[in-house]
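Asks: coordinates for the following, if possible.
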Amino acid sequence: MAFGNAMRHIPATRPVVFHARLIIGVLLLLVVAIALPFVASGYLVFQLTLTLVYAIAILGLNMLTGYSGQISLGHGAFYAIGAYTTAILMTRFGVDYWWTIPISGLTCLIVGFLFGLPALRLEGLYLALATFALAAATPQILKHNGISAWTGGVQGIVIIKPDPPHGLPVNADQWLYLFTLAITIVMFVLAWNLLRGRIGRAMIAIRDHPIAAAAMGVNISLFKSLMFGVSALYTGIAGSLGAIAVQFVSPDAFNILLSISLLLGVVVGGLGSIPGVIFGALFIEFVPDFAGQVSKAAPWAVYGLLLIACMYVAPSGMAGLARQTLASIRKAGRAWPLA
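Replies: Coordinates of the predicted model:
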């Protein structure tokens, strides 16, 4: 009897061990992320900063597509709104760069919520086409003569890179990376809590069984509009940070290719996966440069082949591949226990 009681308690320790290993792994990754700007070159630090920026944008789109099932090809428009909000506030009104970030996010939250209300009548490919039209129209709107005094028209707006706080032993690139990393961590923690709570469960229910969700009292229209707004908020914050990092905004920088790249990041990382957005951000930031180095004559052909290979190797995204690999390792460890 005592042996049976002991055996019943053994499986209960496995989740504790798993969570302890997960926390240790996250802490190690955080230490590596903080140390990177001090050992990498200036250009690589800039690329890593943009990777964090794209991770926030992809996370916002993944919350919309992976959890609520709404396909968007227009999140480049919200990225542009966030970027231009920051650029205008910094250059026209002299607002400090850190204040422009929440203002950009709030602006995109309102715009995304208002856009989500009429878009509720559309689903699937029709919603994708509506958002595609939004992304296609945004650069032309930014060039319009009626608002060119604010947006700079085709010339765009130049932004001065912020200096690090006085007394910190870092340069401007290192400070911007660490500043972006801190905001990225906050946004990831907020998304994790949001999606693991009541709202996340409601969104998954709407995605998988909308009729059953409505029967259980879930306000589908309200939840979809709110998720569209929250997704736009994340993308707007990313656009704000991206504008500060690049130090320049122009209409042609926010073409339809940006929206498609963000959606590719979601698919490559894994639908409905929060950690997977890091893989997606790394893909859209570094793979185009790698493709250009492989073939200067046809870089997009190389990019397409790499994308096809990625989808073949990891059809459920890189996060799914990582989960399968870890599961295989644990299974092999149980089958061949150490002496």
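Asks: and Leu61, how far from His209?
Replies: Distance check for Leu61 against His209: by Cβ to Cβ, to the nearest Å, it reads 23 Å. For every residue, glycine as well, the C-beta is placed using N, CA and C.
Asks: cool, Gly265 as well?
Replies: As defined by Cβ to Cβ, Gly265 lies at a distance of 28 Å from His209.
Asks: next: Pro139.
Replies: Distance from Pro139 to His209, counting by Cβ to Cβ: 39 Å.
Asks: the more surrounded of the two?
Replies: Comparing Pro139 with His209 by neighbour count (other Cβ atoms under 10 Å), the higher total belongs to Pro139, at 20 against 12.
Asks: find the nearest non-adjacent residue to that one, please.
Replies: By the measure of Cβ to Cβ, 6 or more residues apart in numbering, the closest residue to Pro139 outside its immediate chain neighbours is Pro251, 4.1 Å from it.
Asks: make sure Ile199 is indeed in a helix.
Replies: Yes - assignment of Ile199 by DSSP: H, G, I helix; E, B strand; the rest coil places it within a helix.
Asks: tell me the contacts of the nearest residue in space to it that is not next to it in sequence?
Replies: Computed as Cβ to Cβ, 6+ apart, the closest residue to Ile199 that is not its neighbour in sequence is Phe223, at 7.3 Å. If you count contacts by Cβ atoms under 8 Å, 6 or more residues apart in numbering, Phe223 has them with Ser68, Ile199, Ala202, Met203, Ile206.
Asks: show me what contacts the residue nearest to Pro139?
Replies: Residues touching Pro251, when contacts are defined by Cβ under 8 Å, 6+ apart, comprise Ala80, Thr138, Pro139, Gln140, Leu142, Lys143, Thr151, Gly153, Val154, Gly156.
Asks: mind listing the helices for the stretch 151-300 of the chain?
Replies: Taking DSSP state H, counting those that start in this stretch as the criterion, the stretch 151-300 of the chain contains helices spanning 172-195, 198-208, 210-215, 220-246, 256-269, 276-294, 299-313.
Asks: now the last one: average pLDDT?
Replies: Helix 299-313 shows a mean pLDDT of 92.
Asks: re earlier: could you report the distance from the residue nearest to Pro139 to Gly152?
Replies: From Pro251 over to Gly152 the distance is 9 Å, taken as Cβ to Cβ.
Asks: same thing with Thr100?
Replies: When Thr100 is compared with Gly152 (using Cβ to Cβ), they lie 16 Å apart.
Asks: who has more neighbours out of those two?
Replies: Thr100 (24 against 21).
Asks: next, count neighbours for Leu271.
Replies: Leu271 has 16 neighbours, counted by other Cβ under 10 Å.
Asks: which residue is the nearest non-sequential neighbour of it?
Replies: Spatially, and ignoring its direct neighbours in sequence, Leu271 is nearest to Gly66 (4.1 Å; Cβ to Cβ, 6+ apart).
Asks: doesn't that neighbour fall inside a helix?
Replies: Yes - counting by three-state DSSP, Gly66 falls inside a helix.
Asks: next up, the contacts around it.
Replies: In this structure, Gly66 makes contact with Val266, Gly270, Leu271, Gly272, Ser273, judged by Cβ under 8 Å, 6+ apart.
Asks: low-confidence stretches in this structure?
Replies: Flagging of the chain using pLDDT under 70 yields the residue ranges 1-19, 333, 335-339.
Asks: name the SS class of the residue nearest to the spatial centre of the chain, please.
Replies: Centre of the chain computed as the mean C-alpha position; nearest residue by Cα atoms, centre = their mean is Ile58, 2.4 Å away. When the structure is reduced to helix, strand and coil (three-state DSSP), Ile58 reads as helix.
Asks: contact partners for it?
Replies: Under the contact definition (Cβ under 8 Å, 6+ apart), the residues listed for Ile58 are Leu262, Gly265, Val266, Gly269, Val277, Gly280, Ala281, Ile284.
Asks: using TSV, lay out those together with neighbour count and distance to Tyr43.
Replies: Compiled in TSV, the contacts of Ile58 are given as follows (neighbours: other Cβ atoms under 10 Å; distance: Cβ to Cβ, whole Å):
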residue	neighbour count	distance to Tyr43
Leu262	29	23
Gly265	26	21
Val266	28	26
Gly269	30	24
Val277	31	23
Gly280	31	21
Ala281	27	17
Ile284	24	17
